[in-house]
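Asks: Next comes the sequence, and after it the predicted model I'd like to discuss.
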Amino acid sequence: MTRKLLHGSLAALLVLAWASAAFGAQSDMVTDYSQQSIKVDVRFHGERIYFFGTVPDPKADVVVKLIPIHSAPIQLTRKGKVVLFWMGVKQFEVQKLPFLYKIHSSRPLKEVLTPEVAAKYRLGYQTLKEDMELKLIKGVAASDDRDVMFQGFVELKEKFNLYRVAENRIRIRKGRLFEHYFTFPDKAKEGDYLVESYAIKDGRVIAVSRDKITVQKVGITAWLYRTAQENGLLYGVIAVVIALGAGLLVGMVFKGGGH
Amino acid sequence: MFSIFLPVADMSINLFLVLGIGGMVGFLSGMFGVGGGFLLTPLMMMIGIPPAVAAASDSNQIVAAAASGAMAHTRLGNVDMKMGLIILIGGILGGTVGVQVVKVLRQLGNFEFVVKFVYVLMLGGVGGAMFMESLRTLRKKGSAGEGPGANTVMGNPKFSAFFNRLPLKMHFKKSGLHTSAIFPFTIGAVVGFLAALMGVGGGFIMVPAMIYIIGMPTVVAIGTDLFQIVFTTANVTLQQAVTNHTVDIVLALVLLAGSAVGAQFGARVSKVLKGEQIRILLSVIVLVMMVKLLFDLLITPDNLVGFVAAAGGH
């Protein structure tokens, strides 16, 4: 059903694309998505959202950035060898890095973006690295801290599919309509996400469109998550009571249980 | 996709992977008559559950796993209540301190290191001792052809004499002992501390200690241990939930389901194998796990950067 809906919307957009081209509304860009929100429940294991939109100029490329609207500061540790063992030896407070960061493009970024455009719209890992505020809170500073911490941080994020720069990921049909999908991984935090689509031609951004996607925990998952965070005592009592009940039940079922 | 979203770990995981691990550990615990918490936490860490969530959720699972056994032993009169309560006072104290230590270690970004390090020591010690002991028994049997080891040593006389001289002496009717309360309190505190740090019940320390060091009868030692485990791990679960917000009840319940089924098969297999064979097998499993964790600490990690748990929850 979603597919049908998707194709319906695509057709509508094609008409729109044709109309806007015919009437010369050059800098307009219309975008849409397959769903506005993601519900995180017991079965959630990540979800794709399809995005599509009009391209204002047949010669333009499209670059899309996905970031959360709010990201909290984090702490990172740098491991080092102590005698024989590898353990955390330094600790940093890190600010200004988004929790999730994804860039999709219709062609390789270095062919599409000029340094000025990349800098202005903060596109690419290099701009993130420039934004990163790294404050040493434990241990001895070293000259390579910035490089090592950023590199390791991005690797960690990419492992969980929270960071990704995917070139050639966006398909442009007949120079008028682009489409692609973003995967919101299982570790995507609750909150609002911003999808910024840029049409870029000859090193200039000719149109921008913004969409908002909401990730929200629902049902028992939401309740357990919030109770665990906000009312630890109640959650703990529930956890103990359920465990006792489940344990005695299992014991009755198997006559004497595992012990 | 057969996945399940863990609300506190805040991630999804393959349901059958968790059920399978629970089942395997349950099988081993049914076979060997041990809790198996010391296998669960490292295995959970290996499949990507954050270490602190793995330990706290295992504590929660142990509450369930020990509950029916504790009830059965209480009904059969195998629990030395006085001894159990003294152990429990230690256990509550140790567990409460342990949870605070977990909090500090997480904020320092080295909880995982400390957990693995203590596991290496503990698994190495217990596995090594068990391996040597069962090897010795097997060899003795082979050469001298002794009968079944009917004369179990009832407490080490040297230890008994030592604890006899300590203050706070009490009479434990059920165990038939007249000994100082200092030892059960101390061992309770140690086991409670380990329960918080590593998500174990601690039966593999408690039971041998009660039997070999102060000379409790085996059945009473096991019954009393199960009794104290339920309350010690319940306290740890509660404290972890309040202080560290790391108890994932969904994970605990899936593990329980797996281990309950696995234990039934394990119990059947154990009837086929001889005591020494079982113990040597268990010691090998424990030692393999120890070596794996030791390698984790010694080998240069792929990534030198790690996340630190944010102070005050998320």
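Replies: Nice, thanks for sending it over.
Asks: For residue 76, which non-adjacent residue is closest in space?
Replies: No chain specified, so I'll use chain A. Leaving aside its sequence neighbours, A:L76 sits nearest to A:F92 (Cβ to Cβ, 6 or more residues apart in numbering or on different chains; 5.1 Å). In this view, the C-beta of every residue, glycine as well, is placed from N, C-alpha and C.
Asks: right idea, wrong chain: chain B
Replies: Per Cβ to Cβ, 6+ apart, closest to B:L76 is B:G223, 7.3 Å.
Asks: With B:K169 instead?
Replies: B:K169 sits nearest to B:S180 (Cβ to Cβ, 6+ apart), 5.3 Å away.
Asks: can you give me phi and psi for the nearest residue to B:L166 once chain neighbours are set aside?
Replies: Closest residue to B:L166 apart from its sequence neighbours, by Cβ to Cβ, 6+ apart: B:S180 at 3.6 Å. Backbone geometry at B:S180, expressed as degrees, to the nearest 10, gives phi -70, psi 150.
Asks: if we can go back for a sec, let's verify the residue nearest to A:L76: helix, strand, or coil?
Replies: Three-state assignment for A:F92 (DSSP: H, G, I helix; E, B strand; the rest coil): strand.
Asks: and B:V288, how many neighbours does it have?
Replies: B:V288 has 12 neighbours, counted by other Cβ atoms under 10 Å in any protein chain shown.
Asks: Let me see the contact set for the residue in chain A that chain B sits nearest to.
Replies: Using Cβ to the nearest Cβ, the closest approach of chain A to chain B is made by A:G251 at 2.2 Å. Shown in contact with A:G251 (Cβ atoms under 8 Å, 6 or more residues apart in numbering or on different chains): A:257, B:67-69, B:71-72.
Asks: what would these look like in a markdown table with secondary structure?
Replies: Formatted as a markdown table, those follow (three-state DSSP):
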| residue | secondary structure |
| --- | --- |
| A:G257 | coil |
| B:A67 | helix |
| B:S68 | helix |
| B:G69 | helix |
| B:M71 | helix |
| B:A72 | helix |
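Asks: Please identify which pair of those residues lies farthest apart.
Replies: B:A67 and B:A72 (9.8 Å; Cβ to Cβ).
Asks: higher neighbour count, those two?
Replies: Taking other Cβ under 10 Å, B:A67 and B:A72 do not tie; B:A67 has more neighbours (26 against 17).
Asks: And for that one, nearest residue in space, chain neighbours not counted?
Replies: A:G247 (3.2 Å).
Asks: distance of that neighbour from A:F184?
Replies: 36 Å (Cβ to Cβ, to the nearest Å).
Asks: Also A:D57?
Replies: For A:D57 relative to A:F184 (Cβ to Cβ), the value is 30 Å.
Asks: which regions of the stretch 51-200 of chain B lie under the pLDDT threshold?
Replies: For the stretch 51-200 of chain B, the stretches flagged by pLDDT under 70 are B:141-160, B:164.
Asks: in it, which spans are strands?
Replies: B:169-172, B:177-180 (DSSP state E, counting those that start in this stretch).
Asks: Now the first one: buried residues?
Replies: When you say that, I think you mean strand B:169-172. By neighbour count with 16 or more other Cβ atoms under 10 Å in any protein chain shown, strand B:169-172 contains the buried residues B:F172.
Asks: Each with direction, which strands does it pair with?
Replies: strand B:177-180 (antiparallel) (DSSP bridges).
Asks: Figure out how far the strand it pairs with is from the centre of its chain.
Replies: 25 Å (Cα atoms, centre = their mean, to the nearest Å).
Asks: Could you do stretch A:76-86 as well?
Replies: 30 Å.
Asks: now swap in stretch B:260-280 and tell me
Replies: 18 Å.
Asks: Stretch B:123-143 too?
Replies: 20 Å.
Asks: before we move on, what about stretch A:102-119?
Replies: That offset, for stretch A:102-119, works out to 18 Å (Cα atoms, centre = their mean).
Asks: Send me it as PDB with only the CA atoms.
Replies: Extracted in PDB, the C-alpha atoms of stretch A:102-119 (Å, rounded to 0.1, in the frame of the first residue of the first chain):
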ATOM      1  CA  LYS A 102      24.000  11.300   6.700                       C
ATOM      2  CA  ILE A 103      24.700  12.800   3.300                       C
ATOM      3  CA  HIS A 104      23.400  11.500   0.000                       C
ATOM      4  CA  SER A 105      24.300  12.900  -3.400                       C
ATOM      5  CA  SER A 106      23.600  12.300  -7.000                       C
ATOM      6  CA  ARG A 107      27.300  12.500  -8.000                       C
ATOM      7  CA  PRO A 108      30.600  12.400  -6.100                       C
ATOM      8  CA  LEU A 109      30.600  15.300  -3.700                       C
ATOM      9  CA  LYS A 110      33.900  16.700  -4.800                       C
ATOM     10  CA  GLU A 111      32.500  17.100  -8.400                       C
ATOM     11  CA  VAL A 112      29.400  18.800  -7.100                       C
ATOM     12  CA  LEU A 113      30.500  20.900  -4.100                       C
ATOM     13  CA  THR A 114      32.800  23.800  -4.100                       C
ATOM     14  CA  PRO A 115      34.700  24.400  -0.800                       C
ATOM     15  CA  GLU A 116      32.500  27.400  -0.300                       C
ATOM     16  CA  VAL A 117      29.200  25.600  -0.700                       C
ATOM     17  CA  ALA A 118      30.500  22.700   1.500                       C
ATOM     18  CA  ALA A 119      31.500  25.200   4.200                       C
END
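Asks: Let me know the average pLDDT across that stretch.
Replies: Taken as a whole, stretch A:102-119 carries a mean pLDDT of 94.
Asks: Any buried residues in it, and which?
Replies: Neighbour-count burial for stretch A:102-119 [16+ other Cβ under 10 Å]: A:102-107, A:109, A:112-113, A:117-118.
Asks: from these, which two are the most distant?
Replies: With Cβ to Cβ as the measure, no two of these lie farther apart than A:K102 and A:V117, at 17.9 Å.
Asks: distance of whichever residue of chain B sits closest to chain A from B:L85?
Replies: Residue nearest to chain A within chain B: B:S68 (2.2 Å; Cβ to the nearest Cβ). Taking Cβ to Cβ as the measure, B:S68 and B:L85 are separated by 21 Å.
Asks: More neighbours: which of those two?
Replies: B:S68 (27 against 17).
Asks: can you tell me which helix or strand the closest residue to the more buried one other than its chain neighbours belongs to?
Replies: Leaving out its chain neighbours, the residue that sits closest to B:S68 by Cβ to Cβ, 6+ apart is A:G251, at 2.2 Å. In this assignment (DSSP states H and E), A:G251 forms part of helix A:232-253.
Asks: in that helix, what's buried?
Replies: A:232, A:235-240, A:242-244, A:246-251.
Asks: Then stretch B:190-209?
Replies: B:190-207, B:209.
Asks: Between the two ends of that stretch, how far is it?
Replies: Terminal residues of stretch B:190-209 lie 12 Å apart, using Cα to Cα, to the nearest Å.
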